[in-house]
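A.B. asks: Provided below are the primary sequence and the corresponding predicted coordinates.
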Amino acid sequence: MKSVKSVLGRVVILLLLILSTSFGFAANSAQAGITDQIAQVYQSAKSGGKDAFCRKADAFGGSFSVRSFDGSLCSNSTTIAALSQYVCNNPSVAGFGGSSCDVKGRQRLGGQDPLTVLKQEAKSATGATKDLINKFVPGL
């Protein structure tokens, strides 16, 4: 009987190890996905400016914006939430108000001033996120 319990114990430990490793990869994949999405948005905004950054996206047409992916960047990144609120609402870009990104970004910021948040976030921003900040709020 001890050998069955011992084998079952080892199987359970092995399964737990496999599951914990799988969740670690999923978290890394999610972060990589966000980084890729930000890079796609930056590529669109690089040549198209504010309008390209704030427009309604068309993934089938290959145009990405901060509103792509049902506004998920605005709920997953404080920096992108602040940037979208600052850039797309000053003055307001047609169709941005009330969009998923607008609503999720406001929720993410929780009433904080977007420029104040950007000043803080700019200190640690890297890659395409830093490039977006430099493009739309130079000098931070």
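C.D. replies: Alright, I've got the coordinates. Numbers count the residues shown, from 1 in each chain.
A.B. asks: can we go C-alpha only for contacts and neighbour counts from here?
C.D. replies: Noted.
A.B. asks: Ile38 contacts Ala128, correct?
C.D. replies: Yes - at 6.3 Å, Ile38 and Ala128 qualify as touching, with contact defined as CA atoms under 8 Å.
A.B. asks: can you pull out the helices in this structure?
C.D. replies: 2-54, 72-76, 78-88, 100-109, 114-122, 127-136 (DSSP state H).
A.B. asks: quick one: which of Ile38 and Ala128 has more around it?
C.D. replies: Ile38 (23 against 18; other CA atoms under 10 Å).
A.B. asks: how about that one, what does it touch?
C.D. replies: Neighbouring residues of Ile38 by CA atoms under 8 Å, 6 or more residues apart in numbering: Val66, Leu73, Ala128, Thr129.
A.B. asks: out of those residues, flag the one nearest to Ser84.
C.D. replies: Nearest to Ser84 among these is Val66, at 7.0 Å by CA to CA.
A.B. asks: quick check, central residue of this structure?
C.D. replies: Leu73 (3.2 Å; CA atoms, centre = their mean).
A.B. asks: just checking, that one touches Ile80?
C.D. replies: Yes - the pair Leu73 / Ile80 is scored as a contact, 6.4 Å apart, by CA under 8 Å.
A.B. asks: please enumerate the shared neighbours of these two.
C.D. replies: Val66.
A.B. asks: and the gap between Ala128 and Ala122?
C.D. replies: 12 Å (CA to CA, to the nearest Å).
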